[in-house]
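Undergrad: got a structure for you, letters missing:
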Ligand code: BGC
């Protein structure tokens, strides 16, 4: 296996050199690479150690599917597959990129920064002309992304910002501050609808602190909630209102459930909890389970991702809301940017940018949509899988 891997690296280094000097196709060349040369490279990456997902089979699949090969190898580096959106992204990138004629190297990093760095390195070595990155930690990929840039590879951030690096060409995502605002507005709406008159006892949860989305979700939510905390409409009984106190390391549902257990045991032995700000659906279900175990009435809880299980819970009234950010739309937007890059048209125009600490990164933003039982059928009208969960 080692010898095969070494051979693979030699071959891919030679190929990468050819691509950079010759037929090109990466950053700034505006040309399309020659896919016929790449099949062995992609096959050889099957031997890459420590990865979760196998790269796609090359050209034969495209022929079988009757697609034309527009050419080009696209790497997709995902942070983990622990929430439905990332698991969907893995499948949908493969489907949509192959349908568009690209060869793919798709890998997920199990929340581990070194693993993701190594995966991106190997995508560069294997001749990827574009690498799509959903970072484990937005600020820890600086040098490997600079390396991609130096090798002429385009880098697109997917769903999360890539921070502290010039090695990023653009980021495709749902508005993250807006997402937090929607979560907080839904929480307030649910409290008014289900929990009588104010004041309301609430608690606050944030996502994984390494994920640049998590502080943004929290900031957006607090822009709505803080004035009502200040005027006494909302009471955070635990007193924990800083992001650092509320964050959930690695978006780990069991850590959120333990924190909720501790908050309930320490603060709610003789009062009821009315609502909880949750940054995503997995954490929402952990919070609700904790409250049920503690014998509390179910609080109003927000969410994110419209995961199947939470769509069912919203429909049955167990979780108040979620926020839909359809993976297929985000993947389609990313693929259209890749098409533009690899057909020599550069990055599409956008008016939105985000300061990543080093440069202003072009942002391609899609709108998140809040979902409650009231509008679920409307929101999922074009999503047969989720519609099928809304059974009476
Ligand atoms: C994504 C969410 C997801 C979370 C945990 C965030 O960056 O935007 O959709 O629930 O990561 O995986």
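TA: All right, it came through fine. Because the structure is a prediction, the values reported are computed rather than measured.

Undergrad: If you drop the residues flanking it in sequence, what lies closest to residue 280?
TA: Nearest residue to residue 280, sequence neighbours excluded (C-beta to C-beta, 6 or more residues apart in numbering): residue 304, at 4.2 Å. C-beta coordinates here come from the backbone N, C-alpha and C atoms, glycine included.

Undergrad: And that neighbour, what's its pLDDT?
TA: Per-residue confidence (pLDDT) for residue 304: 98.

Undergrad: what does residue 348 give?
TA: pLDDT at residue 348 comes out at 96.

Undergrad: what's the answer for residue 30, then?
TA: Residue 30 is given a pLDDT of 37.

Undergrad: Tell me what residue 77 is bridged to.
TA: residue 107, residue 133 (DSSP bridges).

Undergrad: okay but it is in contact with residue 123, surely?
TA: Yes: applying C-beta atoms under 8 Å, one finds residue 77 in contact with residue 123, separated by 6.8 Å.

Undergrad: So what are the structural domains in this protein, by residue number?
TA: 9-20+176-325+372-381+383-387, 73-175+326-368 (automatic domain parsing).

Undergrad: residues in contact with the residue of the stretch 1-150 of the chain found nearest the ligand?
TA: Nearest residue of the stretch 1-150 of the chain to the ligand (C-beta to the nearest ligand atom) works out as residue 83 at 3.8 Å. Residue 83 makes contacts with 251, 280-282, 305, 307, as judged by C-beta atoms under 8 Å, 6 or more residues apart in numbering.

Undergrad: just to revisit the earlier point, please enumerate the shared neighbours of residue 77 and residue 123.
TA: 107, 131.

Undergrad: And the strand or helix carrying residue 340, how far out from the chain middle?
TA: According to DSSP states H and E, residue 340 maps onto helix 327-342. Relative to the chain's own centre, helix 327-342 is displaced by 15 Å; criterion: C-alpha atoms, centre = their mean, to the nearest Å.

Undergrad: If you count contacts, what does it end up packed against?
TA: In terms of contacts (3 or more C-beta pairs under 8 Å, 6 or more residues apart in numbering; DSSP states H and E), helix 327-342 is packed against helix 84-99, strand 130-133, strand 154-158, strand 170-174, strand 360-366.

Undergrad: related to what we said a few turns ago, looking at the contacts of residue 83, which two lie furthest apart in space?
TA: By the measure C-beta to C-beta, 251 and 307 form the most distant pair in these, at 12.4 Å.

Undergrad: one step back: check the domains of the chain for me: which has the lowest mean pLDDT.
TA: Averaging pLDDT over each of the domains of the chain puts domain 9-20+176-325+372-381+383-387 lowest, since it has a mean of 94.

Undergrad: how far is that domain from where the chain is centred?
TA: 15 Å.

Undergrad: cool, and stretch 175-184?
TA: 15 Å.

Undergrad: returning to that earlier point: and the residue nearest to residue 280, what does it touch?
TA: Counted by C-beta under 8 Å, 6+ apart, residue 304 has contacts 179, 183, 217, 278-281, 322-323, 325, 368.

Undergrad: about what we covered before: kindly provide the distance from the residue of the stretch 1-150 of the chain closest to the ligand to residue 371.
TA: 16 Å (C-beta to C-beta, to the nearest Å).

Undergrad: Residue 203 too?
TA: For residue 203, the distance to residue 371 - C-beta to C-beta - is 22 Å.

Undergrad: With residue 382 instead?
TA: 14 Å.

Undergrad: between those two, who's got more neighbours?
TA: More crowded of residue 382 and residue 371, by other C-beta atoms under 10 Å: residue 371, with 26 against 9.

Undergrad: Assumed that one was part of a strand.
TA: Yes: judged by DSSP: H, G, I helix; E, B strand; the rest coil, residue 371 forms part of a strand.

Undergrad: Show me what it is bridged to.
TA: The partner residues for residue 371, given DSSP bridges, come to residue 322.

Undergrad: wait, it sits on residue 325?
TA: No: if you go by C-beta under 8 Å, residue 371 and residue 325 don't touch, sitting 10.4 Å apart.

Undergrad: Flag every residue of this structure that's near the ligand.
TA: Residues of the chain lying close to the ligand by C-beta under 6 Å from any ligand atom are 83, 85-86, 159-160, 207, 211, 213, 251, 280, 304-305.

Undergrad: OK, contacts around residue 256?
TA: The contact partners of residue 256, by C-beta under 8 Å, 6+ apart, come to 205, 248, 278, 283, 286-287.

Undergrad: Going through those residues, which ones are buried?
TA: Neighbour-count burial (16 or more other C-beta atoms under 10 Å) applied to these gives 205, 248, 278, 283, 286-287.

Undergrad: hang on, the earlier thing: and which of the contacts of residue 83 is nearest to residue 340?
TA: For the contacts of residue 83, the nearest to residue 340 is residue 305 (27.6 Å; C-beta to C-beta).

Undergrad: so that closest one, which of the three states?
TA: Per three-state DSSP, residue 305 ends up coil.
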